[in-house]
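Colleague: Pasted the sequence and its predicted model underneath.
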Amino acid sequence: MILTVTLNPAIDVTYHVDALVPGATHRVSRVDERLGGKGVNVAGVLTQLGVPVLTTGLMHDGPPSFTPIAASPRRTVVVTDGRDATGFWEPGPAVTPEEWAFFTAQFANMLPDFKVVVFSGSLPAGLPDHTYASLIGLARFAGCKTILDTSGPPLTHGFAAAPDIIKPNTSELAALLPASPPASHQVDLGVV
């Protein structure tokens, strides 16, 4: 079974309009709203493929597998006219040391039930850049394979924890490597 970890989930809101005109007032024809965040999205795809998966993370009023926190989740808002889309990503909520300690304990207790753990997305306020590295260490100690998909300093720190797989884009890969990035055919093959 696979566990996905989404530490900075979002409520994804999409407004559908007839035409997207900057500076104008828009009448919304339809609103779509769902739980999102990279790990939640990964879990959704795995579910569609018939793979047993559970997602966890930090969220106020979130699913039962999530650790509750006091602050409300961020929202991602997309306005689309069917041709173009404009997105607005709010910052994540602040996570207290007590909330983090509670999550870490719950996460460690969950690990024996999983073979693979996927860590995806950005970190909310209050968590240090080495957060994913620490969680990767816990998962590896429990015998789980680990996959990391994040960016910036959390990717750099997480990469140092030796996850089994990373999913960087070209610029993220360039930031990880001391020399110029490998040729694209090497990246496609997973050869670095």
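Modeller: Ah, there it is.

Colleague: correct me, but Phe107 touches Leu135?
Modeller: Yes. Phe107 lies in contact with Leu135 (Cβ atoms under 8 Å); the separation is 6.6 Å. For every residue, glycine as well, the C-beta is placed using N, CA and C.

Colleague: Give me the pLDDT value at Ala125.
Modeller: The model reports Ala125 with a pLDDT of 88.

Colleague: same check, this time on the one 10 residues further on
Modeller: At Leu135 the predicted local confidence, pLDDT, stands at 98.

Colleague: list the buried ones in the helix or strand where it lies?
Modeller: Element membership of Leu135 [criterion: DSSP states H and E] is helix 131-141. In terms of neighbour count (16 or more other Cβ atoms under 10 Å), helix 131-141 has its buried residues at Thr131, Tyr132, Ala133, Leu135, Ile136, Leu138, Ala139, Arg140.

Colleague: I figured Val95 hits Pro128, correct?
Modeller: No. If you go by Cβ under 8 Å, Val95 and Pro128 don't touch, sitting 10.6 Å apart.

Colleague: quick one on the thing from earlier: looking at the buried residues of helix 131-141, which is nearest Thr170?
Modeller: Tyr132 (20.4 Å; Cβ to Cβ).

Colleague: in the longest helix out of those in the chain, what's buried?
Modeller: Using DSSP state H, we find that the single longest helix of the chain is helix 97-110. Judged by neighbour count (16+ other Cβ under 10 Å), helix 97-110 contains these buried residues: Glu99, Trp100, Phe103, Phe107, Met110.

Colleague: what are the ranges of the strands in this protein?
Modeller: Remark: strands assigned in the chain by DSSP state E are 2-6, 10-16, 30-36, 53-57, 74-80, 85-89, 116-120, 145-149, 165-166.

Colleague: weakest of the ones you listed by average pLDDT?
Modeller: Lowest mean pLDDT within the strands of the chain: strand 165-166, at a mean of 86.

Colleague: neighbour count winner among Val95 and Pro128?
Modeller: Each of Val95 and Pro128 has its neighbours counted (other Cβ atoms under 10 Å); Val95 has more, 22 against 13.

Colleague: ok, Ile147 touching Tyr132?
Modeller: No. Assessed by Cβ under 8 Å, Ile147 is found out of contact with Tyr132, at 10.8 Å.

Colleague: what's the overlap in contacts for the two?
Modeller: Residues touching both Ile147 and Tyr132 by Cβ atoms under 8 Å, 6 or more residues apart in numbering: Phe119.
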